[in-house]
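**Q** no FASTA, just this:
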Ligand code: PNW
């Protein structure tokens, strides 16, 4: 480009941050080691009938012991950043009180190892593994305050080396999918009044967490969230449908991301909930609306939206058909454009200073080849499609700074156990051997050239 003066239409901006992501309970194992406290997911996965095959995270990828191997994997992949989460219950086994030095030391070793390998850590403080000792879990408002205390402590410990801290991962998953539909821990199906209160405690924990992180951080540490807002693709790329997408994003995420970006619940949400609306205390909304340095979103799927003036919100979310293409997880409909429209709609409405894709990836029913490798051409197809639309966002100058593939390696996929695998590295769960899949070869080439291949 420098010699010809022409823009390479497939290239990403210089310094685009390519990364890979994992989460503590999905990879660490060692659930009883060095004073770690029990979590909601330990209880849930050991409750018969809750997780496929009775699988648990007791051993998972054994990353608590093999983190150096994982760092070597990241290094060989050539990525510049690693997103991982901290297990709250390793730091505060009872969720609060005295910190556990051995748990803290593990993350010190991990962060130092990453930095020595030239890999930037992006840390999530809460990726669903809630200390079991906290009474009532997210039904209890006190959990939000306990989270803020933990966030403050971890920030003070790590922010000399960690410059990107995310409060929580995916509000909808640890509230609605855990307390309303109940597929995830603790597996409750509560009435809407209580669900709305759980949602409120989730966004409140985020907001109090942001304030705590800012108060405790060394200079230069940026604060964000890794959320999974519902996002949509316009039926046709015309103004009316694009505006309908923005209205849909704002409305459908009213209890989560919209509240965070606007510091208020929308009247439409409160009116729709009526007597089931959450109890909000003075100061809550100000905390929830605390300004962020960056916004990270996890992007997997989304529906098409069309403008529809006959509907109260002015938009219509088109249903999926049984034959719509999807990956191995039944919810994972293929929707590559959603990565572009998610970034664009959010940017046009709320102008976050910087955005990242904190997760994107897919499950496939991998087959081992005779040579012991996985040639996951479907995952390459999926990633190439999504990243093509990510490239459009970057090319148009939207403030997208980086991308983290989910996941670095096969791991414990929550209620699906080890039956749905998202890794770009295959893990043999008997030997713990990690082997690059075809998709890892493809991703390595993308990172190396910084352009679509
Ligand atoms: C995310 N949905 O979860 C999580 O952040 C990861 O821990 C998880 O392994 C990954 O995506 C793959 O599932 C989601 O139903 C779970 O739309 C469910 C949905 C989306 C994301």
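**A** Here it is on my side, so go on. Note that the structure is predicted; figures quoted are calculated from it, not measured.

**Q** From now on I want contacts and neighbour counts done on CA atoms only, so please keep to that.
**A** OK.

**Q** Got the confidence number for residue 8?
**A** Residue 8 carries a pLDDT value of 88.

**Q** What is the longest helix seen in the chain packed up against?
**A** Using DSSP state H to define each element, the chain has its longest helix at helix 192-216. Applying 3 or more CA pairs under 8 Å, 6 or more residues apart in numbering; DSSP states H and E, one finds that helix 192-216 contacts helix 142-158, strand 164-169, helix 171-174, strand 222-227, helix 257-262, helix 284-288.

**Q** how does it look with 10 Å?
**A** With contacts defined as 3 or more CA pairs under 10 Å, 6 or more residues apart in numbering; DSSP states H and E, the packing partners of helix 192-216 are helix 142-158, strand 164-169, helix 171-174, strand 222-227, helix 257-262, helix 267-273, helix 284-288.

**Q** So which elements touch the longest one?
**A** For helix 142-158, the elements it packs on are helix 88-91, helix 101-116, strand 120-126, strand 164-169, helix 192-216, judged by 3+ CA pairs under 10 Å, 6+ apart.

**Q** what would those look like in TSV with distance to residue 449, mean neighbour count and mean pLDDT?
**A** Below are these laid out as TSV (distance: least, CA to CA, whole Å; neighbours: other CA atoms under 10 Å; pLDDT from 0 to 100):
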stretch	distance to residue 449	mean neighbour count	mean pLDDT
helix 88-91	37	28	99
helix 101-116	22	17	98
strand 120-126	19	24	99
strand 164-169	25	26	98
helix 192-216	36	23	99
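
**Q** Including distance to residue 182, could those go into a markdown table?
**A** Formatted as a markdown table, the helices and strands packed on helix 142-158 follow (distance: least, CA to CA, whole Å):
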| stretch | distance to residue 182 |
| --- | --- |
| helix 88-91 | 22 |
| helix 101-116 | 30 |
| strand 120-126 | 19 |
| strand 164-169 | 17 |
| helix 192-216 | 11 |
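
**Q** Quick one, which of the ones you listed gets closest to residue 327.
**A** Of all those, strand 164-169 sits nearest to residue 327, with 22.1 Å by CA to CA.

**Q** in the stretch 301-450 of the chain, which segments are predicted with low confidence?
**A** Scanning the stretch 301-450 of the chain for pLDDT under 70 picks out no residues.

**Q** How about residue 31, nearest residue that isn't a chain neighbour?
**A** residue 58 (5.6 Å; CA to CA, 6 or more residues apart in numbering).

**Q** got the contact list for the one you found?
**A** Taking CA atoms under 10 Å, 6 or more residues apart in numbering, we find residue 58 in contact with 25, 26, 27, 28, 29, 30, 31, 32, 42, 45, 46, 412.

**Q** Just the buried ones from those residues?
**A** For the contacts of residue 58, a neighbour count by 16 or more other CA atoms under 10 Å gives the buried set as 25, 26, 27, 28, 29, 30, 31, 42, 45, 412.

**Q** got a list of what the fifth one touches?
**A** Contacts of residue 29 were listed using CA under 10 Å, 6+ apart, and they are 56, 57, 58, 59, 60, 61, 62, 63, 64, 65, 412.

**Q** Out of these, grab the one that's most surrounded.
**A** Of all the contacts of residue 29, the highest neighbour tally under other CA atoms under 10 Å goes to residue 61, namely 29 neighbours.

**Q** Now the closest residue to that residue other than its chain neighbours: phi and psi?
**A** Nearest residue to residue 61, sequence neighbours excluded (CA to CA, 6+ apart): residue 27, at 4.7 Å. When read as degrees, to the nearest 10, the backbone of residue 27 gives phi -130, psi -30.

**Q** Please report how far residue 27 lies from residue 168.
**A** Distance of residue 27 to residue 168, computed by CA to CA, to the nearest Å: 17 Å.

**Q** What of residue 339?
**A** 20 Å.

**Q** repeat for residue 435
**A** The value you get for residue 435 to residue 168, if CA to CA is used, is 30 Å.

**Q** Wait, residue 90 touches residue 98, no?
**A** No. Counting by CA atoms under 10 Å, residue 90 stays clear of residue 98, with 11.2 Å between them.

**Q** quick one, what contacts residue 429?
**A** By CA under 10 Å, 6+ apart, residue 429 lies in contact with 59, 60, 61, 62, 410, 411, 418.

**Q** same check, this time on residue 433
**A** If you count contacts by CA under 10 Å, 6+ apart, then residue 433 has 61, 69, 425, 426, 427 around it.

**Q** and if you look at residue 121?
**A** Taking CA under 10 Å, 6+ apart, we find residue 121 in contact with 19, 80-85, 110-112, 114-115, 161-165.

**Q** among the helices and strands packed on helix 192-216, which is nearest residue 10?
**A** Of the helices and strands packed on helix 192-216, nearest to residue 10 by CA to CA is strand 222-227, at 26.8 Å.

**Q** residue ranges for the strands of the chain, please.
**A** With DSSP state E as the criterion, the chain has strands at 17-21, 81-85, 120-126, 164-169, 222-227, 232-234, 295-298, 303-307, 315-317, 355-360, 400-406, 425-427, 434-436.

**Q** so the third one versus helix 101-116, what angle?
**A** When axes from the mean of the first three to the mean of the last three CA atoms, to 10 degrees is applied, the directions of strand 120-126 and helix 101-116 differ by 150 degrees.

**Q** could I get the contacts of residue 429 as a markdown table with distance to residue 144?
**A** As requested, the contacts of residue 429 are exported to a markdown table (distance: CA to CA, whole Å):
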| residue | distance to residue 144 |
| --- | --- |
| 59 | 29 |
| 60 | 28 |
| 61 | 30 |
| 62 | 29 |
| 410 | 31 |
| 411 | 28 |
| 418 | 31 |
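
**Q** With respect to residue 51, which of those is nearest?
**A** residue 418 (9.4 Å).

**Q** how about the closest one, phi and psi?
**A** Per-residue torsions, residue 418: phi -100, psi 20 (degrees, to the nearest 10).

**Q** Does it touch residue 45 like I think?
**A** No. Using CA under 10 Å, residue 418 makes no contact with residue 45, being 12.0 Å away.

**Q** what residues do the two have in common as contacts?
**A** What both residue 418 and residue 45 touch, as defined by CA under 10 Å, 6+ apart, is the set 51, 52, 54, 55, 56, 57.

**Q** Which two of these have the greatest separation?
**A** Top of the distance list for these (CA to CA): 52 and 57, 12.1 Å.

**Q** if I look at the two, which residues touch both of them?
**A** With CA under 10 Å, 6+ apart, residue 52 and residue 57 have common neighbours 45, 413, 414, 417, 418.

**Q** count of residues packed around the last one?
**A** Summarising burial for residue 418: neighbours were counted as other CA under 10 Å, giving 22.

**Q** any idea how far it lies from residue 439?
**A** 19 Å.

**Q** so what's residue 319 up against?
**A** Contacts of residue 319 by CA under 10 Å, 6+ apart are 303, 304, 305.

**Q** switch to 8 Å and redo it
**A** 303, 304 (CA atoms under 8 Å, 6 or more residues apart in numbering).

**Q** ditto for residue 230
**A** Each residue near residue 230 by CA under 8 Å, 6+ apart is listed here: 249, 252, 253, 302.
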